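>>> Below is the structure, and that's it, no one-letter string:
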């Protein structure tokens, strides 16, 4: 059979043309689809602490997806968020940070949030040389120990307890009882600060240290309430998880101790979950927060509305969409991280080690207004812990089922 | 001290009721019903649904909780136990009831969330005064209701034909069947009664603490088994007494020593009792023989 060289030539030319089109198309596609930055969120999405983690994720996602990515990303590249659920298990946390850093090769980690998770996760982040901004982790000194790689967007336990001093002043307190959850280190830490504040102000603690302590899940507070009644304190300070705080509040009220008559202070744990579960018994309880939900600041009000609407679009659980300190801390962490990446001029093609080191170096230099008119920055040491965001602390009170600011501590 | 002993007795009456539910199934069917703790949780959640979510009157709680308990009991018998008993296995139901319990907890926690579900009643903040001391009226109601339920159960088992049939099946199922007793119906009834006791305990606990939550069963699961062993395996009076002693021990330990040791105290008591009285407080050798 004679080969028709014209047909062969035509087939060859067509083949070259098709191949060229494919190559050009692939190159064009690569140019239009910008490679994203990968950022890991390591927090409690499930389990008893799901509310803290989920609220922080709302704040992070809003900043990254609604504000950063829709405006063109960081240095022209979008951010891809990868979420890891710690379920508030410290053993899980360290492993997840390791996975995020070494397997998924994220540029930085946002999280963890629970103090016990942060205590477990920060050494891992430090060892792996990956920047991590905790969304909680209120133990004083935890950032300094893991500097320069680790940061936190929530104020520390010593500041969280300072509003107790305001209460003592207001009520001319002579004696106090302190009940903590001995199972969790955040509660033990805050309880310690409670004892120190009482000592500093010359207020008597009416029991041996730790005498009133309980453990998470303690079923019936009636015996403890009987003890408290016998002690006749001027203030009751209880650092328990919101669930247990609600049960304690109910038990106190049933035992004849009304929070509207005897001030009850629950620090950071007086949250929506506590108010919903405690109902009438939660009225009058005092708490503290580095976020004042009723702040009249118009910038914060506008931000709160946007975040609430965004949260409602994700979930109909009020424990998730109600804007709180966790939402604000998530938002702040994402804002500072993205700004550090922008200023450092890194791109997804920047070598990972170099990019992470640049983020680590830029973060402490940033001062910015995020969700409010206040400008935040990371502390440099001393009174304001190194690598922890400096924010005012508010004294809040439950009034009409809502948390209302009734005082503020700035020093 | 006196007020704390009273607090302990109040809590113990509820523990006695929970242990009774375990003991009933163990005594009649020689099975550890591990879903009892989740049934207990189910009762509290049903109470929340009736009183808080649906805003229905408090009097409707009892029929709802009893019906709910009966249904859960029948489900437990059908899905977890029937086939195993038919082939003579008394160990497989331990695993199947654990699994069923996990399923129940997962369903409830995904539907209701992990935070407490408030249980409000009009009189929840009323107190009963004893001299200078006072006790919440809810605790007093729980105490008397627990003993009322125990009394009704005792009457049922000792004085009614159905109760006697139940005990007969527990003694010897084969002979009972030969005598014309429908053993399948009796087994179903046993699970129904045990689960109704479980759901009632749950709502009483919810009333006492003011809330229900999906993981509340975890607190009583192992505790109930410990109390059954302390009281004597298969002995219902023993379970009640162990419950009360357990409540007192837990409260006194938490108040005069530390809450951290409250659970451990119960297990220590169990070890000590078994050391000196291996059958438990009111256990009998022939009863233990029958259970093996």
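Ah, there it is. None of these values were measured; they are calculated from a predicted model.
>>> and the gap between residue A:312 and chain B?
16 Å (CB to the nearest CB, to the nearest Å). Any C-beta I mention is one placed from the backbone N, CA and C, and that applies to glycine too.
>>> what sits against that residue?
residue A:321 (CB atoms under 8 Å, 6 or more residues apart in numbering or on different chains).
>>> how about the residues of the stretch 51-200 of chain A near chain B?
A:51, A:182 (CB under 8 Å from any CB of the partner chain).
>>> Identify each of the strands in the stretch 51-200 of chain A and give its residue range.
Using DSSP state E, counting those that start in this stretch, the strands of the stretch 51-200 of chain A run over residues A:79-85, A:108-110, A:132-134, A:150-152, A:175-180.
>>> For those, give me CSV that also has mean neighbour count.
Formatted as CSV, these follow (neighbours: other CB atoms under 10 Å in any protein chain shown):
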stretch, mean neighbour count
strand A:79-85, 18
strand A:108-110, 29
strand A:132-134, 32
strand A:150-152, 28
strand A:175-180, 24
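>>> For those, give me CSV that also has mean pLDDT.
Shown next, in CSV, are those (pLDDT from 0 to 100):
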stretch, mean pLDDT
strand A:79-85, 96
strand A:108-110, 98
strand A:132-134, 98
strand A:150-152, 97
strand A:175-180, 94
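>>> In TSV, list these along with distance to residue B:245.
Below are the strands of the stretch 51-200 of chain A laid out as TSV (distance: least, CB to CB, whole Å):
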stretch	distance to residue B:245
strand A:79-85	42
strand A:108-110	51
strand A:132-134	46
strand A:150-152	48
strand A:175-180	26
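>>> Which residue is the nearest non-sequential neighbour of residue A:263?
residue A:235 (4.9 Å; CB to CB, 6 or more residues apart in numbering or on different chains).
>>> Isn't that neighbour up against residue A:265?
Yes. Using CB atoms under 8 Å, residue A:235 is in contact with residue A:265, at 6.3 Å.
>>> what sits in contact with each of those two?
Contacts common to residue A:235 and residue A:265, judged by CB under 8 Å, 6+ apart, are A:164, A:167.
>>> returning to that earlier point: and the gap between the residue nearest to residue A:263 and residue A:362?
Using CB to CB, to the nearest Å, one gets 43 Å for the distance from residue A:235 to residue A:362.
>>> Residue A:235 and residue A:265: which is more packed in?
Neighbour comparison, residue A:235 and residue A:265: the larger count goes to residue A:265, with 26 against 23 (by other CB atoms under 10 Å in any protein chain shown).
>>> and the more buried one, what pLDDT?
Listed pLDDT for residue A:265 reads 96.
>>> and it, how far is that from chain B?
Separation of residue A:265 from chain B (CB to the nearest CB) stands at 20 Å.
>>> try residue A:13
Residue A:13 is 62 Å from chain B, where distance means CB to the nearest CB.
>>> what do you get for residue A:82?
24 Å.
>>> now residue A:109
Per CB to the nearest CB, residue A:109 is found 25 Å from chain B.
>>> correct me, but that residue touches residue A:97?
Yes. With contact defined as CB under 8 Å, residue A:109 counts as touching residue A:97 (5.9 Å).
>>> I'd like the next helix or strand past the helix or strand of chain A with the lowest mean pLDDT.
Lowest by mean pLDDT, DSSP states H and E among the helices and strands of chain A is helix A:5-32, with a mean of 72. Using DSSP states H and E, the helix or strand that follows helix A:5-32 in sequence is strand A:37-43.
>>> Residue B:110: neighbouring residues, count only.
11.
>>> do residue A:76 as well
Residue A:76, neighbours per other CB under 10 Å, totals 10.
>>> residues touching the residue most central in space within chain A, list them.
Closest to where the C-alpha atoms of chain A average out (CA atoms, centre = their mean) is residue A:135, at 2.6 Å. For residue A:135, the contacting residues are A:43, A:52-53, A:56, A:110-113, A:152-154, A:326, A:329-330, A:333, by CB under 8 Å, 6+ apart.
>>> same question, residue B:137
Contacts for residue B:137 (CB under 8 Å, 6+ apart) come out as B:123, B:126-128.
>>> Pipe these into TSV and attach distance to chain A, pLDDT and neighbour count per row.
Below are the contacts of residue B:137 laid out as TSV (distance: CB to the nearest CB, whole Å; pLDDT from 0 to 100; neighbours: other CB atoms under 10 Å in any protein chain shown):
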residue	distance to chain A	pLDDT	neighbour count
B:123	10	83	11
B:126	8	86	13
B:127	6	85	17
B:128	11	85	13
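>>> ok, residue A:265 touching residue A:167?
Yes. Here residue A:265 reaches residue A:167: they are 5.9 Å apart, a contact under CB under 8 Å.
>>> Now the common contact residues for those two.
Common neighbours of residue A:265 and residue A:167 (CB under 8 Å, 6+ apart) are A:235, A:286.
>>> wait, doesn't residue A:245 sit right on residue A:275?
No. Counting by CB under 8 Å, residue A:245 does not reach residue A:275; the two are 9.8 Å apart.
>>> Settle it for me: which of the two has more neighbours?
residue A:245 (29 against 23).
>>> I'd like the distance between the residue nearest to the centre of chain A and chain B.
In terms of CB to the nearest CB, residue A:135 sits 19 Å off from chain B.
>>> Burial check on residue 74, number of neighbours?
Because you didn't say which chain, this covers chain A. For residue A:74, using other CB under 10 Å, the count is 27.
>>> hm, I was asking about chain B
So residue B:74, with other CB under 10 Å, has 15 neighbours.
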